[in-house]
Every structure is written in structure tokens, then in C-alpha cells.
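> Attaching a predicted model along with its sequence, questions to come.
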Amino acid sequence: MSTGKRITLQQAAEIVKDGSSLTFSGFTIWRRPMALVYELIRQQRKGLHLIEVNGGPHTEFLVGAGCVDIWESCWVGHELYGKYGANLSRRVGNKEILVEDYSHAEMMFRFAAAASGAPYAVTQTSLGTDIHNPAYDTLGNAGRRDGKRIAKQKYVFTEDPFFGAGSQVLVPAAKVDIAIMCVQQVGEEGTVRVSGQYYSDPEAARAADITIVMAEEIVPEEYLRRNADQNTIVSFEVDHIMECPFGAHPTGMFGRYDVDGAFLKDFYGKTRTQEGFDEFAKEWIFGLDQMSYLDKLGWPRMLNLKANTALNYSTSVKRGQ
Amino acid sequence: MTTNYANPEEYGLADLLCCAASREVQDNEIVFAGTGLPMVAIMLAQKTHAPSLKLIFEAGTLDGRPPEIPTSVGDARCEMGASRASGLYDAFSIAQRGYVDLGFLGGAEVDEYGNVNTTVIGDYLNPELRLTGSGGNPDINSFAKRTVFIMVHEKRRFTPSVSYITSPGWRVKKWPGGEFVHRRELYGAAFRGGPSAVISTAGVFRFDDETGRIYLDTCHPGKSPAEIREMCHFDLDISRVSGETLPPTREELRLIHEVLDPEQIFIPKVKKG
């Protein structure tokens, strides 16, 4: 059964408007929807508001390309392959971007709240830190807290009214327009099967108003429904799907391919300056589409990253010194 | 069993830190691992004195026993052998529920009460350098019974006042005023503990049970207490030094370099001269 959910990368990027709020699948350098991120950069999307449990290379690409006005999260970097987000760091220094810091658990619980239709979450994390410094309410300071998409307050302290457990922090639901997911398999009707750790994908997909799924492969829906207990995201939570092999590169995907550490190291090394970023984008994004990008990477590189199907990771990729 | 300690020329600083970190782990504990050297340290403990420790990777692997070292906690190598592979909601819920005994974390700056900064250098509103941000550092530190920080030791990093408190130490800020209070006062029923050690490239530091103030416990081989005191911008208490940090054993070195990290992802091999 076809449901007309299939679209192209170009069409998917067009769903994202200037000023849209976005979130993503994955975790730091794993399972990020890079092919669609590249397409957003090609289409020169502006004023994006990223709300994410944690950031990674996709954040750095979008921020470096000047697509992002607000970044609300807790972490950005390239793990072993680049110790911090140099593009975000540069643009924060130049005051070209607003950054709202929460803790990792706060961000996760904010998505869980949004995903369950609750206006906020309650937690006991990060008490006593500068995350709760009222002077550091960036969106409040910028007059952006409209009480619609952006909560009226960054957080609220309260006392446990039920068991007398003391201080609690209320953090607002992470309301996002669009979740862009990059997964191993999606069915024609939208059912998603993630293999390996699913990170914060179920909450991200459910929290967003529109969920776009790019998958390594579109598989028959009946195939996924034979083992429904192994599925991760429900068909009707997904609005659009597309098949996009190696779409997470240079990030990795459980069971399919490893992180391309050399590519990330190169990106991190070369994009400390805006000129460096522009050069890198010219080489790897503009003037290419996904197929010519993969062609440029070449078979030897991709085969080296390819996961062993018994182990779910590559046994040939060079990881260390 | 006689302990077969390695001679100084047989190991590097990373080996020493890894083994010191590993020895912070007790058997049967539930340990939350961040990316990097802590993963090697915990897996080393798992293969030596703490075979029944339970390992949690922040990205969603619970009671993990990876056959190969992951390069980050989101790595495909985390899952194999685990009790459950799921997501961050599970990992953080389990931590907030109080299951976690020990967390290993890193930091760019630390103050004398164990407050750690990983967010920004300089004024937050006009930063000299924006770092990675908090990640799970404050969460693990808020939820675990003990946390151990592993840090590069430079004088500027051991400061009376960190640029930004990312992760809560023993005396933390009470908002909205920002006055410092003991952590116990702020966390109430959620109080479980706090930073128990800082393992730097110079020595191992611990915190006074009552005051929460840092003191030097052991010096790494070749460093004196006075030297380490000079390497801190705050007035380091060196009155309680218990001796020298124990060097790695030959068996620990073998495990690190032949079993856990043969690719030298986190721990370089010492070149034999």
C-alpha cells in the first residue's frame, strides 16, 4: 500500500521554512540526517531555531552556514574527532546566534514532556549550577519568550507538593515544528525500525508537529508489522519518508556504517574560521547532490566504513592513532 | 597474589590516570561512563577487581559489556552484550531514580569545592571561548552517589572561581541570589553525594566530608605536594597527603594495550626506548 508519504530530499528541505524550529534523530556523531542538512544549506535556509537533546556535526554545519538564529541544547562537538563546536563557538563570540543552555537530562525530559502532551517536566538535576542563573536566560534577555513556541520562562523552581522532597525544577516542553530523523528502515506507511540504541528518537518524533524520516531503505510495511515489538516509531507519527542510503555520513549508523572520523577531523580542523567553513561547504555541499557527494567520497572510503553485519560496526575502519 | 607494579619507563601519564580511575570503582557498583579515558578505566575495572560492575552509557546502553572499546557512548560498539539498549530517557530516568553509584566526568576548570565548568571560558555573556557545553555532566553529578573528574592539570584550570558552574560541587549557588550554600541544603531529599575525587595529570584530590573543600591525597610519581600546590590558583590543602599515586601493574598495562585499547584510541603506548 502506498500512502503518498514518499518525497525527495529537495521537497523535504522545502518543508522547512525560514524561522522553523527543528530537532533531529541521533546522538552526537551517530545517526544524524546529514543529507537533508546539506540540502537545507544548499537551499540557504535562514533563521532556524534548533532545539535538540544534544548537538553534533549537523549542528556545526547548519550553524557554520549561517542557517541558525537560536540553538537550544546542552552540547556540541565531534567527540573524539573535534573537541568542541568551533562554528558555534565563533558565532556565539560574534553574537550572531542565541544559545540557551540546559542540561542533557533537562533537554531529554523537555522532549519527553512535549511527546506526552505535558506543558513541562519536573526534575532534580543541575540544582546550584549556572544553568539556572537568572542572568543567563538568553531567550528572555533577547525578548524572545512569547509563551507560544518559546516558553514564557526558562525554568521554574518549585517545592515538591506531594512528598515534601524539596526543590524541584520545572522545565518547559520542547515544542518543535519539525523533527528530521535518519534511521535504518522505514515502511511505506511510516513505521520506523531503529536498530541499536534509539537515543531520544521516539520522543523527538512524537514531540514535533511534522516528522520527516530519511531511511537507509524503505521496506515493505508488512515486513515491519510481522514483528511490531521491534518497531520504534508509529506509522501515523511520521508525515514524510524518503530513501537516502548513506544519508547520515559522516556520522555513523548502527549496523550500516561507522563514523567517518577522518572526515570529521578534517571538517573540525578546517572550519575554525568562516573562510574555512565557506571553503569546506564549497567543496562538499554546494554544486553537489547526494549522489555526487557519495561519488566524491568514493567506494574505497565507504567500504572501509561499512559495518560487519554480524557485529554491527566496521572491523576495517581505523579509529586510533 | 603479589602486585607486579610497572617501572616508570614502562607507562605513560594516560596509563597512570586510567589505572587511578579504575581503582575508584568498587565491585557490583553501577557506573555511568562518559566518552573517552573513563570508558577504558571502567572496562579495566570490569576486567580486574570489579567483574560485576554494571556499566551505563549515557546514549542508552544499560549494563553494557562491550567486547570492543566504543569511541563514544553513541557508538554501535556499546550494545553487544548489554542487558538492554534503548535511549537517553531510560539512562537519565535510571540515574535520577538513584541507581547510579559512580560517574566519571571531565572538566575544563574546577574550583576548590568541586564545581566544574565545561561550558565557557570568560564571561558567559561575552565569552572568550565557548566550549562543548554541559552534556550530561551536571546530570550525572546531580544523580550519582560519587563522581570522579579526570582533568588535565594546568594552573589556570584549578581556580578559586570557575567561569561558569556547569556541574555542581559541594558548595553551589542558590538562586535567584547566587549565594553559595552546601549542596545538601539545595538538593534536599534528592541529595545522594557529590564529587569524590579529581584525578589530574599531577595528582589525586579528594574532598573533606564536612566542608566539601578539596585536598591533595596522592601525588603522581615525580611530583611533590609543594609543586602541586604551586599548580593551583587556590590555596591547596596539602596537609593530608597519603603518599604517591600507585603506578599501573604490568597486568593492567597488558589489559589496556592488548585487550581494551589496542588501537590506541584513547591511550597511547609508551615507546620503548
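Yep, it's here.
> Leaving out sequence neighbours, find the closest residue to the most centrally placed residue in chain B.
By Cα atoms, centre = their mean, the mean C-alpha position of chain B lies nearest to B:Phe149, the distance being 2.9 Å. Distance criterion Cβ to Cβ, 6 or more residues apart in numbering or on different chains; nearest residue to B:Phe149, sequence neighbours excluded, is B:Val198 at 4.7 Å. For glycine as for every other residue, the C-beta is placed from the backbone atoms N, C-alpha and C.
> Strands of chain A, residue ranges please.
Per DSSP state E, chain A carries strands over the ranges A:21-24, A:48-51, A:68-73, A:98-101, A:120-123, A:156-159, A:167-172, A:176-187, A:192-193, A:208-219, A:240-243.
> what comes up buried for stretch A:207-219?
Residues A:207-208, A:210-216, A:218-219 are the ones in stretch A:207-219 that count as buried (16 or more other Cβ atoms under 10 Å in any protein chain shown).
> and which of those residues is nearest to B:Asn141?
A:Ala207 (26.4 Å; Cβ to Cβ).
> Could you check how far the residue nearest to the closest one when sequence neighbours are not counted is from A:Gly147?
Of all residues not flanking A:Ala207 in the chain, A:Ala114 sits nearest, at 3.6 Å (Cβ to Cβ, 6+ apart). Look at A:Ala114 and A:Gly147: by Cβ to Cβ, to the nearest Å, they are 15 Å apart.
> What pLDDT is listed against B:Gly273?
What the model reports as pLDDT for B:Gly273 is 52.
> Kindly report the same for B:Thr3.
So, for B:Thr3, pLDDT stands at 83.
> for the closest residue to it other than its chain neighbours, what are its contacts?
Distances taken as Cβ to Cβ, 6+ apart place B:Thr249 nearest to B:Thr3, at 5.9 Å, with adjacent residues excluded. Residues in contact with B:Thr249 (Cβ atoms under 8 Å, 6 or more residues apart in numbering or on different chains) are B:3-6, B:19.
> So what pairs up with B:Thr249 in the strands?
Per DSSP bridges, the residues bridged to B:Thr249 are B:Tyr5.
> B:Phe158 and B:Glu230 touch, don't they?
No - counting by Cβ atoms under 8 Å, B:Phe158 stays clear of B:Glu230, with 10.5 Å between them.
> ok, the two, which is more surrounded?
Set B:Phe158 next to B:Glu230 and count neighbours by other Cβ atoms under 10 Å in any protein chain shown: B:Phe158 wins out with 25 against 10.
> Give me the nearest residue to that one, chain neighbours excluded.
Among residues not flanking B:Phe158 along the chain, B:Cys232 sits closest, at 4.0 Å (Cβ to Cβ, 6+ apart).
> which regions of the stretch 1-150 of chain A sit below the pLDDT cut-off?
Counting by pLDDT under 70, the ranges of the stretch 1-150 of chain A that qualify are A:1-3.
> What is the neighbour count of residue 126?
By default, I'm working from chain A. With other Cβ under 10 Å as criterion, A:Ser126 counts 30.
> Sorry, I should have been clearer: chain B.
As a measure of burial, B:Asn126 has 10 neighbours, counting by other Cβ under 10 Å.
> hang on, the earlier thing: how about the contacts made by the residue nearest to A:Ala207?
A:173-176, A:203, A:206-207.
> Among those residues, name the ones in helices.
Judged by DSSP state H, the subset of the contacts of A:Ala114 located in helices is A:203, A:206-207.
> Give me the contacts around stretch A:244-251.
Taking Cβ under 8 Å, 6+ apart as the rule, stretch A:244-251 contacts A:9, A:26, A:29-36, A:56-58, A:182, A:214-217, A:256-257, A:259-260, A:263-264, A:267, A:290, A:294, A:297, A:302, A:305.
> of all the contacts of A:Ala114, which comes closest to A:Glu237?
Nearest member of these to A:Glu237, counting by Cβ to Cβ, is A:Arg206, at 5.8 Å.
> Check which helix or strand the residue lying closest to A:Gly320 once chain neighbours are set aside maps to.
Distance criterion Cβ to Cβ, 6+ apart; nearest residue to A:Gly320, sequence neighbours excluded, is B:Glu263 at 3.4 Å. B:Glu263 is part of no helix or strand, with elements assigned from DSSP states H and E.
> Please, where are all the helices along the stretch 51-200 of chain A?
Per DSSP state H, counting those that start in this stretch, the stretch 51-200 of chain A carries helices over the ranges A:57-64, A:86-93, A:104-115, A:138-141.
> separation between the nearest residue to A:Ile41 once chain neighbours are set aside and chain B?
Among residues not flanking A:Ile41 along the chain, A:Ala65 sits closest, at 4.4 Å (Cβ to Cβ, 6+ apart). A:Ala65 is 18 Å from chain B, where distance means Cβ to the nearest Cβ, to the nearest Å.
> how deep is A:Ala65 tucked in, by neighbour count?
For A:Ala65, the count of nearby residues is 23 (other Cβ under 10 Å).
> so B:Glu79 touches A:Phe254, yeah?
Yes - using Cβ under 8 Å, B:Glu79 is in contact with A:Phe254, at 7.3 Å.
> Now the common contact residues for the two.
A:196-197, A:312.
> contacting residues for the closest residue to A:Lys306 other than its chain neighbours?
Nearest in space to A:Lys306, with sequence neighbours left out and distances taken as Cβ to Cβ, 6+ apart, is A:Tyr257 at 5.5 Å. For A:Tyr257, the contact set (Cβ under 8 Å, 6+ apart) comprises A:246, A:248-249, A:302, A:305-307, A:314.
> With pLDDT and neighbour count as added columns, please give those in a markdown table.
Compiled in a markdown table, those are given as follows (pLDDT from 0 to 100; neighbours: other Cβ atoms under 10 Å in any protein chain shown):
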| residue | pLDDT | neighbour count |
| --- | --- | --- |
| A:Phe246 | 98 | 20 |
| A:Ala248 | 98 | 30 |
| A:His249 | 98 | 26 |
| A:Met302 | 97 | 15 |
| A:Leu305 | 98 | 25 |
| A:Lys306 | 98 | 17 |
| A:Ala307 | 98 | 19 |
| A:Ser314 | 96 | 21 |
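> Restricted to helices, list these.
Under the assignment DSSP H, those contribute A:302, A:305 to helices.
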